[in-house]
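Student: The sequence isn't on hand, but the structure is:
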């Protein structure tokens, strides 16, 4: 009966799928007219004889405008979160966009809730007071200094066009949180004080439109060019900063690196080895992952039977189905950046091979 009135499939919630509740509600909105036509048809009246109570309940919900308003409201304030997750859950470079997308997403959620409740921005909303705390807790759990560094090096976020979109926006070099996290990256990545001073000077010129960065084309194209192309065109005036920027602008922000770790864990902690304590299993995963990273520095990694085993296993043939994540110039498991950015405070970030294999704690 459903297929006679609706051409699309009716989706149901699946616990292991991505945001399946939101996807299901979106589908319900698309097939709303077909569902309403179905429950007022003569065939539905015949179906009622099989289970009168269930049929009545379904018809009441489908014909209830208040119920559909609830669906619209749920989709309105979850939509920005869903859209951001979809944008980041790809192998496309987006690390330099995450920080701004996160701020914009929270603001869109707030506007949706306040619009539904009919309140002014300066009024208090009991529901909204709960929502941002959940989002901020998630952000604090997942963000790294690299998000702020990439955000700082994106020329778009210094342009007048971007700043005028919201009166509360400030250039990234004036943002306290971004500045603090960016300085952490500079300190970790450039250990030599002379080199670090040089890079900070280059950043000051870039962010303040000084010397060659004050040229008209350079300023105009900060908004109109993508950041990678802009740094290729105008980054010669800040070579050290350019090198870092180009690495960050090819970095994805998906969960694929985590999924790769889970696959390694399932290989080590199998049915036959299920008596292994969690700490030992985690240590073996850590060692295995770092050995895989170090193997990329050897000449054997590019030849022989185990060629490219860290990306596609021992039977590697080509890069056709690997995607951007596996071969990016800078990935979250790239040895050089792992050594300088993701060790504990006080660790020696010397950048040598012995720095990568450190204690898992």
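Tutor: Yep, it's here. If you're wondering where the values come from, they're calculated on a predicted model, not measured in any experiment.
Student: Just the pLDDT at residue 223, thanks.
Tutor: Predicted confidence (pLDDT) for residue 223: 94.
Student: Then residue 264?
Tutor: 78.
Student: Secondary structure element holding it?
Tutor: helix 256-268 (DSSP states H and E).
Student: Quick check: buried residues in the next helix or strand after that helix?
Tutor: Downstream of helix 256-268, the next assigned helix or strand under DSSP H and E is helix 278-295. Neighbour counts over helix 278-295 (16 or more other Cβ atoms under 10 Å) mark 282, 284-286, 289-290, 292-294 as buried. All C-beta spots, glycine's among them, are computed from the backbone N, C-alpha and C.
Student: Specify which member of those residues is nearest to residue 218.
Tutor: residue 293 (37.0 Å; Cβ to Cβ).
Student: Report how many residues lie close to residue 136.
Tutor: Neighbours of residue 136 under the rule other Cβ atoms under 10 Å: 12.
Student: Quick check: which element contains it?
Tutor: If you go by DSSP H and E, residue 136 is part of helix 126-142.
Student: Could you name the helices and strands sitting against the helix or strand just after that helix?
Tutor: The helix or strand immediately downstream of helix 126-142 is helix 145-152, counting by DSSP H and E. Counting contacts by 3 or more Cβ pairs under 8 Å, 6 or more residues apart in numbering; DSSP states H and E, helix 145-152 packs against helix 98-117, helix 176-189, helix 239-248, helix 335-341.
Student: Just the mean pLDDT for stretch 52-70, thanks.
Tutor: The average pLDDT within stretch 52-70 is 91.
Student: mind starting the numbering at 693 from now?
Tutor: New numbering, starting at 693: the last item is stretch 744-762.
Student: what's the span of that stretch, first residue to last?
Tutor: 25 Å (Cα to Cα, to the nearest Å).
Student: And the contacts of it?
Tutor: By Cβ atoms under 8 Å, 6 or more residues apart in numbering, the surrounding residues in contact with stretch 744-762 are 721, 724, 727-728, 731-732, 736, 739-740.
Student: from the residues you listed, which is closest to residue 697?
Tutor: residue 727 (7.3 Å).
Student: Hmm, that closest one is touching residue 696, no?
Tutor: No: counting by Cβ atoms under 8 Å, residue 696 is not a contact partner of residue 727; they are 12.0 Å apart.
Student: Which one's more surrounded, these two?
Tutor: Between residue 727 and residue 696, counting by other Cβ under 10 Å, residue 727 is the more crowded of the two (19 against 11).
Student: What's the separation between that one and residue 768?
Tutor: The spacing between residue 727 and residue 768, counted by Cβ to Cβ, to the nearest Å, is 20 Å.
Student: For the spatially most central residue of the chain, which non-adjacent residue is closest in space?
Tutor: Taking Cα atoms, centre = their mean, the centroid of the chain lies closest to residue 780, which sits 3.7 Å from it. Spatial nearest neighbour of residue 780, chain neighbours left out: residue 945 (4.7 Å); criterion: Cβ to Cβ, 6 or more residues apart in numbering.
Student: Quick check: pLDDT value at the one you found.
Tutor: 80.
Student: Over to it. Which of the three states is it?
Tutor: Look at residue 945: counting by DSSP: H, G, I helix; E, B strand; the rest coil, its state is coil.
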